[in-house]
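>>> model the following, please.
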Amino acid sequence: MDDQQYEYLVRRLELEAHDNPTRFRSKVLAVSGIAYLTLAATLALVAGLALLVFHLVRDNRSTWLLFQLGLMGLGLLGVLYTVLRAFLTRLPPPPGREVSRDEAPRLFELIDRVRDKLKGPPLHRVVIDRSFNAAIAQVPRFGLFGGHRNHLIIGLPYLQAMSTREMAATLAHEYGHLTGAHGKVSAWVYRQRVTFGALMDKVQGTDGDWLDSLLHAGLRRFAPYFNAYTFVLSREDEYQADAAASHAAGRTANASSLCRGELLGRWFAEDYWPRLYAQASHRASPLLPPFAAMQAAFAANYGEWSTTERLDEALQRRSDLHDTHPCLRDRLDAIERKPALPLPVEKTAADMLLREFADVLAREFDEAWWAEERAEWQAHYGKQSEFRRRVAELSARPLDSLGPFELQELGTALVGCGRDRDARPVLEYLLARPDGPFPRARLIYGRLLLGAGDERGLEQLARAAGEDERLTEQCARDGYVWLRKARGEAEAADWAERLSSRAAWPLA
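So this is what the prediction gives:
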C-alpha cells in the first residue's frame, strides 16, 4: 500500500467513524482481535515446529540431517523468543518527578474533583516533568497480560502558563482518555502496536529464513490496515477527550486552554529555548535559570506570542497523518467555539495549585538541566570567546598582511561570531588570491551566499567539492537543504546526485 492509498483509507475510515462511532469502534476491536489471534497462532505455530524439530532430532541418527535440524531449531527458538518477549514486553513508567498528595494537596484536590465529575478510575502516579505538555499513560505491568497502572504527566512549564480553570480542562481531557470503554481499548491497541513493531524489527531484512520471511510478508500486508484503523481510533479518542474536558470545565475554558497551548507552546519551543541557548555565545552560564524564570518570561512576552498573526497561522495548519491530535481549528469546531486570543493570566495554575512547591520543582529542574548542559554550554562559550579573541587580533591588521591560513581563520571566526556580513569580504579577498585553491574557505563562502538567499552559493559549493573531493558530502548536503526549501525536493535531489557523482559539473 503506497502513501496515497493509505491516506485514502484513513480519510474513508474517518468518515465512517464520524457517521457511526460505535460501529467503527467495534470494527477496530475486531481488527485488533484478529491481530491478537494472529500473534497467538504464530506463537503456537513456532512452538509446535520447535517441538517437532526436537522429536526429529531425538529419533534420527543422520549427522547431516541432525545438523540441518539443529540450525532450523536454533532459528525457531530465536523467533519463539522474539514473539514471547513481544507478548511480555514491559513498558517503563513515564519519567519525571513523582509528586505526592502531601507535596501538592491543591493539585490533587483538583484531580479528585475532575475524577469525580467524569467517574473515572484512580490514578496510581502523578509526575511533573520539564515539558510544555500534559499526558496520561496507561502502562501495562506484563505486556499484553496483567493489570495496568495509570500515570498522569504534567509539565511544570504548562502549569506555569495556564490558569487554574484551563488546567482543569486539560486534566479533564487527559482523564477523558481513561473514562469509559475507549480508555482500555486504546491502551490495548497501543500495546499491540508495540508488539507488532518488535516483531517487524526482528523479521525484516532477513535472508534465507523462510519463517521470518513469511512473518514479515504477513505483517507488512496487515500493518497498514491495522495502523489506519488504530490511527483513526486514536484521533476519535482525542475528540471524545475534548468533549470530556468541555463537560468538566466548560467549553470556554477548554477553548482557551487549546489556544494558549498552541500559541505559547510554539513560542516556548521556537523562541524561549533558542534565546536562552544563544546566551552561551557570550556568557559562561545563563543570566537566569530557565525554569525559575519561565513564568515571568511567559507573562513579559505575552504581546509577542499572543498575536492575531500567530493565531491565524495556527488556524491554517491542518490535521495530518503523522499526529493523532487534530489541528486547532478542528478541535475548536468540535466543541463549537470560535478561536480567540487567550487573556493574560494573573495567577497561574502553578501559583494556585503548587504554591511554594513550584519554586522547589523549578530549583530541582534547573539543577538537573544545568548538570546536563554545563559541559556543552561552557565548551561553546569557550569556542566563541576564542573566535572573538582571534577576530580582535587579526582584524587589527590589514588584509594584505595576513597569510592564507590567517585569512581563512579570520573568515571562520567572523562566521562563528555571527558576523556574516563582515566575513564575506575577507573570504572574497582570500579566494581571489592566485596561490589557491582554498576549498574550505570556498565552502564557507558558498554557505554565506545561500544564507543570504543568493543562489550563486550553489556554484561555490560545486567548486569547493571539485577542489577537494573530501568536501563533496558536505557540499551536497548544504546545497540539497537550500534547494529543497527554494525549489522543491526533485530539483534538490537531482542537484545533490549530480554533485555526488561528479557528472560533468562545470567548475569555472
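>>> quick one: residue 99 and residue 440, what's the gap?
The gap separating residue 99 from residue 440 is 52 Å, by C-beta to C-beta, to the nearest Å. Bear in mind the C-beta positions are built from the backbone N, C-alpha and C, glycine included.
>>> then residue 407?
Going from residue 407 to residue 440 by C-beta to C-beta gives 11 Å.
>>> more neighbours: those two, which one.
residue 407 (21 against 17; other C-beta atoms under 10 Å).
>>> which other residues reach the strand or helix carrying that one?
Taking DSSP states H and E as the criterion, the element that holds residue 407 is helix 404-416. Helix 404-416 has contacts (C-beta atoms under 8 Å, 6 or more residues apart in numbering) with 383-384, 386-388, 390-391, 394-395, 399, 402, 420, 422-423, 426-427, 429-430, 433, 435-436, 438, 440-441, 444-445, 448.
>>> buried members of those into ChimeraX, please.
The ChimeraX selection below is limited to those of those classed as buried (16 or more other C-beta atoms under 10 Å):
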select :384,387,388,390,391,394,402,420,423,426,427,430,438,440,441,444,445,448
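>>> might you report the residue contacts of residue 280?
286, 377, 380-381, 384.
>>> farthest-separated two in these?
Across the contacts of residue 280, the longest distance by C-beta to C-beta is 14.4 Å; it joins 286 and 384.
>>> can you count the residues close to residue 282?
Counted with other C-beta under 10 Å, the neighbours of residue 282 add up to 12.
>>> what separation do you get for it and residue 384?
Taking C-beta to C-beta, one finds residue 282 at 7 Å from residue 384.
>>> in three-state terms, label the closest residue to residue 98 other than its chain neighbours for me.
If the residues on either side of it in the chain are set aside, residue 98 comes closest to residue 127, at 5.4 Å by C-beta to C-beta, 6 or more residues apart in numbering. Per DSSP: H, G, I helix; E, B strand; the rest coil, the secondary structure class of residue 127 is strand.
>>> repeat that for the one 5 residues further on.
Recorded secondary structure, residue 132: coil (three-state DSSP).
>>> that one contacts residue 270, correct?
No. With contacts defined as C-beta atoms under 8 Å, residue 132 does not count as touching residue 270, sitting 11.5 Å away.
>>> where does the stretch 151-300 of the chain dip in pLDDT?
Within the stretch 151-300 of the chain, the ranges that satisfy pLDDT under 70 run 180-220.
>>> residue boundaries of the helices in the stretch 301-450 of the chain?
All helices of the stretch 301-450 of the chain, identified by DSSP state H, counting those that start in this stretch, fall at 302-305, 308-316, 328-334, 349, 356-395, 404-416, 420-431, 439-451.
>>> quick one, strands of this structure?
All strands of the chain, identified by DSSP state E, fall at 97-98, 125-129, 134-142, 145-155.
>>> where does residue 71 land on pLDDT?
pLDDT for residue 71: 60.
>>> can you check residue 462 too?
The model reports residue 462 with a pLDDT of 95.
>>> with the one 3 residues further on instead?
Taken from the predicted model, the pLDDT recorded for residue 465 is 94.
>>> what do you get for residue 361?
pLDDT at residue 361 comes out at 98.
>>> I'd say it and residue 128 touch.
Yes. If you go by C-beta under 8 Å, residue 361 and residue 128 touch, sitting 6.0 Å apart.
>>> who has more neighbours, these two?
residue 128 (27 against 23).
>>> spit out the contact partners of the more buried one.
96-97, 99, 153-156, 159, 361.
>>> farthest pair within those?
Pairwise distances across these peak at 13.6 Å for 153 and 361 (criterion: C-beta to C-beta).
>>> most tightly surrounded among the strands of the chain?
Each of those was scored by mean neighbour count; the highest is strand 125-129, a mean of 20, by mean count of other C-beta atoms under 10 Å.
>>> send me the helix holding residue 407 as PDB with only the CA atoms.
Provided in PDB are the C-alpha atoms of helix 404-416 (Å, rounded to 0.1, in the frame of the first residue of the first chain):
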ATOM      1  CA  PRO A 404      46.100  32.400   3.600                       C
ATOM      2  CA  PHE A 405      45.700  30.400   6.800                       C
ATOM      3  CA  GLU A 406      45.100  33.600   8.800                       C
ATOM      4  CA  LEU A 407      42.600  34.900   6.300                       C
ATOM      5  CA  GLN A 408      40.600  31.700   6.400                       C
ATOM      6  CA  GLU A 409      40.800  31.700  10.200                       C
ATOM      7  CA  LEU A 410      39.500  35.300  10.300                       C
ATOM      8  CA  GLY A 411      36.600  34.500   8.000                       C
ATOM      9  CA  THR A 412      35.700  31.400  10.000                       C
ATOM     10  CA  ALA A 413      35.900  33.300  13.300                       C
ATOM     11  CA  LEU A 414      33.700  36.100  12.000                       C
ATOM     12  CA  VAL A 415      31.100  33.500  10.900                       C
ATOM     13  CA  GLY A 416      31.400  31.800  14.300                       C
END
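>>> between that helix and helix 439-451, how big is the angle?
Counting by axes from the mean of the first three to the mean of the last three C-alpha atoms, to 10 degrees, helix 404-416 lies at 30 degrees to helix 439-451.
>>> looking at helix 404-416 now, give me its mean pLDDT.
Computed over helix 404-416, the mean pLDDT rounds to 96.
>>> list the buried ones in it?
406-416.
>>> so which of those comes closest to residue 346?
Taking these together and measuring to residue 346 by C-beta to C-beta, the closest member is residue 416, at 43.2 Å.
>>> what distance do you get for the residue nearest to residue 378 when sequence neighbours are not counted to residue 384?
Excluding the flanking residues, the one nearest residue 378 by C-beta to C-beta, 6+ apart is residue 284, at 6.0 Å. Separation of residue 284 from residue 384 (C-beta to C-beta) stands at 10 Å.
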